[in-house]
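# got a sequence here, can you build the structure:
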Amino acid sequence: MPFGLTNGPATFMDMMNRVFKPYLDRFVIVFIDDILVYSRTYEDHEQHLMMVLQALREHKLYAKFSKCEFWSSQVVFLGHVVSEEGILVDSKKVEAVKKWPRPTIVTEIQSFLGLAGYYRRFVQDFSKIAAPLTKLTQKKCEIPMV
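Numbering: from 1, shown residues only. Modelled structure (predicted):
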């Protein structure tokens, strides 16, 4: 597929979903070209990996070995750390939120709320905490300059 097509990512994602349909939400998560294989045991994992690699081969899709991680007990996937303990926020993302420059215009507030909102499930009362910033994105609301 040529680069630059506006529907390219959606088309590729649709193809990946069709390739891995029997495995999705059982032991595979796919987001565009990122494939996460998860399992309860090493034996299951070996079987799952073989099934995923076979599906790629059957559809003439290839994984770049240098970008693959195998037999990891912890991985960073879509800004989250996934491990046996569960799903956590990637500490690099927490630092990005902490170091975000003070927004001075509405679009900057919206960008910050978008980043922080991605992790709302990890922050108790996120909506209450974000409410003052959300209010500043409304029309006819002035952003205080400090």
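# in stretch 17-34, which residues are buried?
For stretch 17-34, a neighbour-count test (16 or more other Cβ atoms under 10 Å) marks 19-20, 23, 27-30 as buried. C-beta coordinates here come from the backbone N, C-alpha and C atoms, glycine included.
# so which of the residues you listed comes closest to Pro144?
Using Cβ to Cβ, Ile29 is the member of these that lies nearest Pro144, at 42.1 Å.
# three-state assignment of that closest one?
Here Ile29 is recorded as strand under DSSP: H, G, I helix; E, B strand; the rest coil.
# where's it relative to Glu108, distance?
Distance of Ile29 to Glu108, computed by Cβ to Cβ, to the nearest Å: 32 Å.
# got it, and Arg120?
Arg120 is 19 Å from Glu108, where distance means Cβ to Cβ.
# tell me which two of the buried residues of stretch 17-34 sit farthest apart.
Using Cβ to Cβ, the buried residues of stretch 17-34 span at most 14.3 Å, a distance reached by Val19 and Phe27.
# so for stretch 74-93, what gets flagged as buried?
For stretch 74-93, by 16+ other Cβ under 10 Å, it's 80-82, 89-90, 93.
# give me the mean pLDDT for the lengthiest helix in the chain.
Ranked by number of residues, the top helix in the chain under DSSP state H is helix 42-58. For helix 42-58, the mean pLDDT works out to 96.
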